[in-house]
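*Asks:* Sequence and predicted structure are below.
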Amino acid sequence: MIKNIKKFYTASLKHQLIISIALVHTVMMSIFIYDLVKKEGTFLIEQHTKSAKSLSKTLASSSTSWVLSNDFVGLKEILTSMQNYPGVKYIIITNIEGEILSHTSKRYIGLYLSDDKSIEYLKGEVKTKIIFENSDYIDVVSPILRENQHIGWARISLSKELINKSLDDVILNGLFYTLLAIIIGVIVGYFISIGITKNIYKILQVIQKVKGGKKNIYSNVNRDDEIGILSKEFDYMLQKISEQTTLIDSVMKSSPDLIFYKDYSNFDGVYIGCNDQFSNFVGRSKDDIIGKTDFDLFDNKLALFFRKNDKLMLKSQKPYKNEEWVKYPDGSDILLESIKTPLYNLDGSILGVLGNSRDITQKYHDQKELEEKNKILFDQSKLASMGEMIGNIAHQWRQPLSVISTGATGLKLLKEYNTLTDQQFLEACDSINDNAQYLSKTIDDFKDFIKGERKKVKFNLSKDINSFLHLVEGSIKNNNIHLEKDIQDDIEIYGYPNELIQCFINIFNNSKDALKDLEDNRYIYISTSILDNKVIITFKDNAGGIDDEILNRIYEPYFTTKHKSQGTGLGLSMTYSLVVDGMGGSIETKNDQLTIDGKKYKGAITKITLEL
Ligand SMILES: Nc1ncnc2c1ncn2[C@@H]1O[C@H](COP(=O)(O)OP(=O)(O)O)[C@@H](O)[C@H]1O
Ligand SMILES: [Mg+2]
């Protein structure tokens, strides 16, 4: 019951206002009426008591002579005249012993009063007093005196019927006004509430419409009070939301990506929104997509794949990226790169999946093409550096070959003149053999370098540099280059030793080429060191350096300042990709100043940095 009343009361503002106003009226009126009745009652009773007392006094004084003379007929006349007084119930005249001298009911005359109340006043003080009083009547008695001598009692009983009746009238009136107040209260409450709620309902209706998807509608309540302010603020909010939505819509529209979102909180992956690109991809209108799942839109295999990725992301609650070949409705195959991120509700709980898929088919093909190109480039540059190496080896072989050939010719000559000693023979043979061994070693080194497998191994850097120096030994000598080394013996690297040698050769060859312009004092410095857990390999020359304008282009493939027959422009680009892409290191070339024998030179310095 109380629950129902509470429910009814809180159901609407109208109920609350009407009930409250009616209740206040009822309470206020009740208090007022209660107070009025109480005051009126007290007043009437006082009046009544007064008139009862004065009646009994009048009765006592007019009875005096009749009591003295024991004239019952005279007494009777007085009684009869007083009996008509409104509300008189009975009148009793007694002597002081309590013998009834006259009574409104004749049959009591001559009897004695014997009840407790009567005996109490007969024996009590001689004065006008109230004998008895209840809500219906009052009994009052006054002594009958003759010149201060007490001769009897005049008693009168006065009914309160009239008072009660007029009090009833007051109450009835009160009830009527209370009821009137309640009715007026209800009516006033009703109109006030209608005034207030009419506009609130207007705002509510707008909310319902906005919820239903309607756009650009406002509540427009034209009032200056709180409801007017509420409406204005609400409309402002709607306008802001509408601006935001337009912004998001146009972002989604202008994005070349496929954007979609699915609900996983209430449904099992139901689409709740997407952009035009996504709807093109699915080959259905947006309205036809919303409310569907992947299984309604795609073949089972693809749907399962999408679902799996959604679940993976939802489980980790972290953005999830994947690539997948899919077929467009027109039959074309495209490669999609999708990023799925959690979509949150306002309360922070997961609503579902926000997906962003990018068509990377072109990028994929470009990448493939680039890889292909790079492979060709790589092969070309390898060939180029092999050509340079063969040139190096040719230089390197010249000396031992001439040792061998002069050794053999010398032997032949000595033999012809018969002057060949055993000692000379053995020495010549040893020398020929040593040099042949040297030639063989050079070939082996070259073979190792050419054939070297591309396998990541742990290797000693100083040994690797020595192998490189061995391969360019002839070139160094032939070009009168002074090579200075500052190499740490114990550096071990995890990587590709042959590729590093190739890099060294490429850098060396550039210095060698540039040094050709110097008459003498051609220097190359090689040093290795460890800094911050990184290996640093530096090549430095005094060949004049590189023009600042081209310094940032030297790593570009096919960039060369040399004649066609001399340079391919591939050396440094290959070195860059071997160091940066192949070994995860970095490479930097700049110009440097150096002083040799008191003479100042400019030169190039190339620094390779590798992880230990
Ligand atoms: N040590 C150097 N001194 C001067 N110029 C250099 C040096 N190293 C590289 N270069 C410049 O960088 C260009 C590109 O070098 P590279 O890629 O090896 O191609 P190539 O040697 O075939 O020209 C060279 O043509 C040259 O101009
Ligand atoms: Mg080069």
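*Replies:* Structure received. Ligands and ions are numbered 1, 2, ... in the order given.
*Asks:* can I assume T528 sits in a strand?
*Replies:* Yes. When classified by DSSP: H, G, I helix; E, B strand; the rest coil, T528 is found to be part of a strand.
*Asks:* pretty sure it contacts D464?
*Replies:* No. Using CB atoms under 8 Å, T528 makes no contact with D464, being 10.0 Å away. Glycine gets a C-beta too; all of them are placed from N, C-alpha and C.
*Asks:* Around V27, how many other residues sit close by?
*Replies:* The burial count assigned to V27 is 11, neighbours taken as other CB atoms under 10 Å.
*Asks:* what about the helix or strand harbouring it, average pLDDT?
*Replies:* Take DSSP states H and E as the rule and V27 turns out to sit in helix 13-68. The average pLDDT within helix 13-68 is 90.
*Asks:* And that helix, what does it pack against?
*Replies:* helix 2-11, helix 72-83, strand 88-95, strand 129-133, strand 137-146, strand 149-159, helix 161-211 (3 or more CB pairs under 8 Å, 6 or more residues apart in numbering; DSSP states H and E).
*Asks:* Are we agreed that V221 is in a strand?
*Replies:* No. V221 is assigned coil when assessed by three-state DSSP, not a strand.
*Asks:* ranges for the helices of the stretch 201-350 of the chain?
*Replies:* All helices of the stretch 201-350 of the chain, identified by DSSP state H, counting those that start in this stretch, fall at 226-254, 276-282, 286-289, 294-297, 300-316.
*Asks:* okay, those in TSV with distance to ligand 1, mean neighbour count and mean pLDDT next?
*Replies:* Converted to TSV, these look like this (distance: least, CB to the nearest ligand atom, whole Å; neighbours: other CB atoms under 10 Å; pLDDT from 0 to 100):
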stretch	distance to ligand 1	mean neighbour count	mean pLDDT
helix 226-254	43	13	90
helix 276-282	43	19	90
helix 286-289	54	14	91
helix 294-297	52	17	92
helix 300-316	44	15	90
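*Asks:* Adding distance to N460, write these out as JSON lines.
*Replies:* Compiled in JSON lines, the helices of the stretch 201-350 of the chain are given as follows (distance: least, CB to CB, whole Å):
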{"stretch": "helix 226-254", "distance to N460": "57"}
{"stretch": "helix 276-282", "distance to N460": "56"}
{"stretch": "helix 286-289", "distance to N460": "63"}
{"stretch": "helix 294-297", "distance to N460": "56"}
{"stretch": "helix 300-316", "distance to N460": "43"}
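*Asks:* Burial check on R454, number of neighbours?
*Replies:* Other residues near R454 come to 8 when the count uses other CB under 10 Å.
*Asks:* do the one 3 residues further on as well
*Replies:* Residues lying near V457 (other CB under 10 Å) number 11.
*Asks:* what's the spacing between it and ligand 2?
*Replies:* Note on V457: its distance to ligand 2, by CB to the ion, to the nearest Å, is 27 Å.
*Asks:* and if you look at V67?
*Replies:* Using CB to the ion, one obtains 162 Å as the distance from V67 to ligand 2.
*Asks:* Also I491?
*Replies:* If you go by CB to the ion, the gap between I491 and ligand 2 works out to 26 Å.
*Asks:* ok, and the closest non-adjacent residue to that residue?
*Replies:* For I491, ignoring the flanking residues on the chain, the nearest one in space by CB to CB, 6 or more residues apart in numbering is L461 at 4.1 Å.
*Asks:* For ligand 2, give me its nearest residue in this structure.
*Replies:* Using CB to the ion, the closest approach of the chain to ligand 2 is made by G571 at 3.0 Å.
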